[in-house]
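Colleague: With the input below, show me the fold.
(one chain, ligands or ions: 3)
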Amino acid sequence: MDFLVLFLFYLAFLLIGVAMICIFTKNQRLKSLVLGGAQVCSCIIPQCLQRAAQRLLHQLFHTRNPSFIVLHLLLQGLVYAEYTLEIFGYCQELEFYLPYLLLPYLLLGVNLVFFTLTCSANPGIINKTNESFFLQVYRFDDVMFPENSRCFTCGLRKPARSKHCRVCDHCVHRFDHHCIWVNNCIGAWNTRYFLIYLLTLAASAATIAILSAAFLVQLVAVSDLYQETYIDDFGHLQSVDTVFLIQYLFLAFPRIIFLLGFVMVLSLLLAGYLCFLLYLAATNQTTNEWYKGDWTWCQNCPMVTWSPSAEPHICQNIHSHGFWSNLREIFLPAIPCYEKKKK
Ligand SMILES: [Zn+2]
Ligand SMILES: [Zn+2]
Ligand SMILES: [Zn+2]
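Modeller: Ligands and ions are numbered 1, 2, ... in the order given. The predicted structure is shown next:
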């Protein structure tokens, strides 16, 4: 039983850890909660350590730096190394269908292409030359995005749905969020790459999880392990049950079990986040707008237009023009002619 408990603890630890990282990097209120906690602790921690920690946090989260890209590639490398060195060979011995075994590599290739595109693409940075172009793309709602306002930091006129990114220090059109994992803003021109990147990342984690689980199940089936018997602590002859099997597999293939736990948790979280982003894409909202507040319940808000044909209490975001049109807007964003020529 001990190993099962240990494995469940490991899963819970992973789930909480990854969820915390995701939430903390996105949620200002939680961040300030942690800062408050840190202030309480500051009486006991020496000043120099505090300053060093502050500097490190500032470097990591408030400046553009490639550390999370390196961490991302390192984790991906470790998962694929374990897959290649152990699971792939075992699965071949068990005569798995080869194209299934090669699928994770295909997904990795596509994922790395879109990862690079998301990292390096211009997210829709607003400057003096394209300012007037961006001003015409979206209507001002005069609630979240008032007309004739200027960015306090760069002094440019603020197009609707844009936001100044403090990390990158420029205004970005149709700003979604700043992603530390790709060290870039997610905006009008690279949301499409980001979505495909997330989709392939979730798919590759899921296929590796399914393949390693299938390997373990197949192994148990082929070796007739469940028909065996063993002698327990009290000297009684016992037939093998599920708990015993899990303990056995844990001892025989510890790395595969840890990998399985990691990719299972990862694929669940990524799938959840992807669903959230697809919901935003389908309803033509950005994370920034979603976070700023849900206005749709309010009948008096100019942000919301009531469609008379629809049932009462159903209202629309003024930027949403139907599912396909919303998707087209993300995958074929408005680009000024001179930018097109540059490409
Ligand atoms: Zn800072
Ligand atoms: Zn700005
Ligand atoms: Zn940014």
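
Colleague: All the strands of the stretch 101-250 of the chain, residue numbers only.
Modeller: Here the stretch 101-250 of the chain has its strands, by DSSP state E, counting those that start in this stretch, at 163-165, 170-172, 177-179, 184-186, 229-231, 237-239.

Colleague: Output those in JSON lines; the columns should cover distance to Leu327, mean pLDDT and mean neighbour count.
Modeller: Placement of C-beta: from N, CA and C, glycine included. As requested, the strands of the stretch 101-250 of the chain are exported to JSON lines (distance: least, CB to CB, whole Å; pLDDT from 0 to 100; neighbours: other CB atoms under 10 Å):
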{"stretch": "strand 163-165", "distance to Leu327": "22", "mean pLDDT": "94", "mean neighbour count": "20"}
{"stretch": "strand 170-172", "distance to Leu327": "20", "mean pLDDT": "94", "mean neighbour count": "24"}
{"stretch": "strand 177-179", "distance to Leu327": "19", "mean pLDDT": "94", "mean neighbour count": "21"}
{"stretch": "strand 184-186", "distance to Leu327": "16", "mean pLDDT": "95", "mean neighbour count": "26"}
{"stretch": "strand 229-231", "distance to Leu327": "56", "mean pLDDT": "77", "mean neighbour count": "10"}
{"stretch": "strand 237-239", "distance to Leu327": "55", "mean pLDDT": "78", "mean neighbour count": "10"}
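
Colleague: Tell me where the model's unsure across the stretch 1-150 of the chain.
Modeller: 1-3, 21-31 (pLDDT under 70).

Colleague: these two touch, right, Leu211 and Glu86?
Modeller: No: between Leu211 and Glu86 there is no contact under CB atoms under 8 Å: 11.3 Å.

Colleague: Ile257 should be in a strand, yeah?
Modeller: No: with DSSP: H, G, I helix; E, B strand; the rest coil as the criterion, Ile257 is helix rather than part of a strand.

Colleague: so it makes contact with Phe250?
Modeller: Yes: between Ile257 and Phe250 there is a contact under CB under 8 Å: 5.1 Å.

Colleague: okay, and the common contacts of the two?
Modeller: Counting by CB atoms under 8 Å, 6 or more residues apart in numbering, the shared contacts of Ile257 and Phe250 are Phe7.

Colleague: And the helices in the stretch 1-150 of the chain?
Modeller: Per DSSP state H, counting those that start in this stretch, the stretch 1-150 of the chain carries helices over the ranges 2-26, 28-41, 47-57, 67-82, 88-93, 98-120, 131-135.

Colleague: In CSV, could you pull the C-alpha coordinates for the last one?
Modeller: Right, helix 131-135. Output in CSV follows, covering the C-alpha atoms of helix 131-135 (Å, rounded to 0.1, in the frame of the first residue of the first chain):
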residue,chain,number,x,y,z
GLU,A,131,-0.5,53.3,-34.6
SER,A,132,-3.2,54.7,-37.0
PHE,A,133,-3.7,51.3,-38.7
PHE,A,134,-4.4,49.6,-35.4
LEU,A,135,-6.7,52.4,-34.2
